[in-house]
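> just the structure for this:
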Amino acid sequence: MTAGGIPFTGNGARLSPGRALLCGLALLLCGGEALARQLPSDMLVGFVASAQYPVITLKKPKQSLLRSVLTLGLGKKTVSYSVAPSVRIRTAQNLFIVYGRMPQLKGSFVGLKSDNNGQVKQIWELTEKEALDYVRRPDARFPQ
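Modelled structure (predicted):
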């Protein structure tokens with residue numbers, strides 16, 4: 001219960017500063033799991049080969065040995081995607097960055113969400129744990 005922003009116990013006595021600090025610290029430490037990111041479904045995922053607005057380029061997954069032999073190892077190893085002017089980019093720390101900072105994504109594992117026109121409208125830089133979890137999802141897509 002609070003009165004004017006000051007924490008009080010049920011009998012009207014004020015909480016000691018130590019208890020108030022302990023409660024705040026407990027909320028801070030436990031809050032991280034409750035605030036886990038909800039990643040969109042059906043994202044295209046991969047490692048960023050290069051990123052410079054208005055294009056982001058992802059590396060293709062490694063081919064099987066049989067496919068490499070059949071194609072003689074020829075073919076593009078990256079795929080480029082057009083980025084929308086209104087793109088929303090989230091870092092692994094869940095911070096938004098402007099598209100001028102896209103080059104810092106190089107080498108990161110990202111998820112791309114596209115609009116109806118095929119332009120990338122969301123870029124999510126994934127943590128290692130998120131990436132491992134996401135690639136196991138049935139709706140995960142990879143560059144072709």
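> show me where this protein has helices.
In the chain, the helices defined using DSSP state H lie at 17-34, 65-70, 128-135.
> rank those helices by pLDDT, which is bottom?
When the helices of the chain are ranked by mean pLDDT, helix 65-70 comes last with a mean of 52.
> which positions within the longest strand along the chain qualify as buried?
The strand that spans the most residues within the chain, counting by DSSP state E, is strand 78-90. For strand 78-90, a neighbour-count test (16 or more other CB atoms under 10 Å) marks 79, 81, 83-84, 87, 89-90 as buried. Where C-beta positions appear, they are placed from N, C-alpha and C, glycine not excepted.
> looking at the residues you listed, spot the one nearest residue 118.
Comparing the buried residues of strand 78-90 against residue 118 with CB to CB picks out residue 81 as the nearest, at 7.9 Å.
> need the contact list for the closest one.
44, 55-58, 112, 114, 118-120 (CB atoms under 8 Å, 6 or more residues apart in numbering).
> okay, now the unreliable bits of the chain?
1-15, 20-35, 62-75 (pLDDT under 70).
> break it down into its domains, please.
Domain segmentation of the chain under automatic domain parsing yields 2-34, 44-135.
> quick one on the thing from earlier: partner strands of the longest strand of the chain and their direction?
Its sheet considered, strand 78-90 pairs with strand 55-59 (antiparallel), strand 96-97 (antiparallel), strand 120-125 (parallel) by DSSP bridges.
> who touches the first one?
Going back to what we said before, that points to strand 55-59. The contact list for strand 55-59 (CB under 8 Å, 6+ apart) reads 44, 46-51, 77-83, 102, 105, 110, 112, 120, 123, 143.
> just the buried residues from these, in PyMOL please.
In PyMOL syntax, the buried subset of the contacts of strand 55-59 is picked out as below (16+ other CB under 10 Å):
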select buried, resi 44+46+47+48+49+50+51+79+81+83+102+105+110+112+120+123+143
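> what's the spacing between residue 58 and residue 38?
Distance check for residue 58 against residue 38: by CB to CB, to the nearest Å, it reads 22 Å.
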